[in-house]
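Peer 1: Below are the sequence and a predicted model for it; my questions follow.
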Amino acid sequence: MQGKYTFSIIKPDAVRANHIGSILVMIEKAGFSITAMSMLQLTQIVAAHFYAVHADRPFYKDLCSFIASGPIVAMVLEKDNAVVDLRKLMGATNPTEAAEGTIRKAFATSIDYNAIHGSDSDQTAASEISFFFPSRKLLVKQPAII
Ligand code: CMP
């Protein structure tokens, strides 16, 4: 069975453009419950660690600079089939390929400035959740061990 939790970030482009509220409405309307949320700005070092899986990609340096360029909203979202359903709601990574009704179709301006991040698997969700929300800060049961 697919997991009940995923991790998401409203990225600095969407925060700067005042789209936090609109994105949260889309997330809640799609049936997700927000079980943890934090507004913060990443340092370059934390950004490099968070995106380490992309370290060999040509866009890695710009990606780290961008995600650390301003405040973000980090969230734990709960729903049956959370990882897959959030990725459907986000739409394609490149907004020119994103379907109508998706968050990236509405708010992303390029493949780099694409408004939202969502975990790509249950395993990634568990590690991203525990990275951003150590158990002492989490108001729900530790998703990593559910
Ligand atoms: P995200 O889901 O946060 O994960 C990695 C990010 O790299 C991705 O969203 C994109 O914003 C960014 N990115 C830039 N270029 C590419 C690319 N060619 N393929 C995939 N991701 C890319």
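Peer 2: Arrived safely, thanks for sending.
Peer 1: Test my guess that P12 contacts S65.
Peer 2: No - P12 is not in contact with S65 according to CB atoms under 8 Å; the separation is 10.2 Å. In short, each C-beta sits where N, CA and C put it, glycine included.
Peer 1: more crowded one of the two?
Peer 2: P12 (20 against 12; other CB atoms under 10 Å).
Peer 1: now the more buried one: how far from I116?
Peer 2: Noted for P12: a distance of 11 Å to I116, by CB to CB, to the nearest Å.
Peer 1: Please spell out the segments of this structure that come in under the pLDDT threshold.
Peer 2: The model of the chain has pLDDT under 70 over residues 1, 136-146.
Peer 1: what sits against the residue of it found nearest the ligand?
Peer 2: Residue nearest to the ligand within the chain (CB to the nearest ligand atom): H117, separated by 3.6 Å. Residues near H117 by CB atoms under 8 Å, 6 or more residues apart in numbering: 8-9, 11.
Peer 1: Adding secondary structure, write those out as JSON lines.
Peer 2: Conversion of these to JSON lines gives the following (DSSP: H, G, I helix; E, B strand; the rest coil):
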{"residue": "S8", "secondary structure": "strand"}
{"residue": "I9", "secondary structure": "strand"}
{"residue": "K11", "secondary structure": "coil"}
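Peer 1: What subset of these is buried?
Peer 2: Buried subset of these (neighbour count, 16 or more other CB atoms under 10 Å): 8-9, 11.
Peer 1: so L89, which of the three states?
Peer 2: helix.
Peer 1: How about it: what's its closest non-neighbour residue?
Peer 2: A30 (5.0 Å; CB to CB, 6 or more residues apart in numbering).
Peer 1: count of neighbours near that neighbour?
Peer 2: Residues near A30, counting by other CB under 10 Å: 15.
Peer 1: Would you check that it makes contact with R87?
Peer 2: No - applying CB under 8 Å, one finds A30 not in contact with R87, separated by 11.5 Å.
Peer 1: mind putting the buried ones among the contacts of H117 in a markdown table, distance to the ligand included?
Peer 2: Listed next are those as a markdown table, based on distance: CB to the nearest ligand atom, whole Å:
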| residue | distance to the ligand |
| --- | --- |
| S8 | 10 |
| I9 | 7 |
| K11 | 7 |
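Peer 1: Pick out whichever of those residues sits closest to N81.
Peer 2: Using CB to CB, S8 is the member of these that lies nearest N81, at 14.5 Å.
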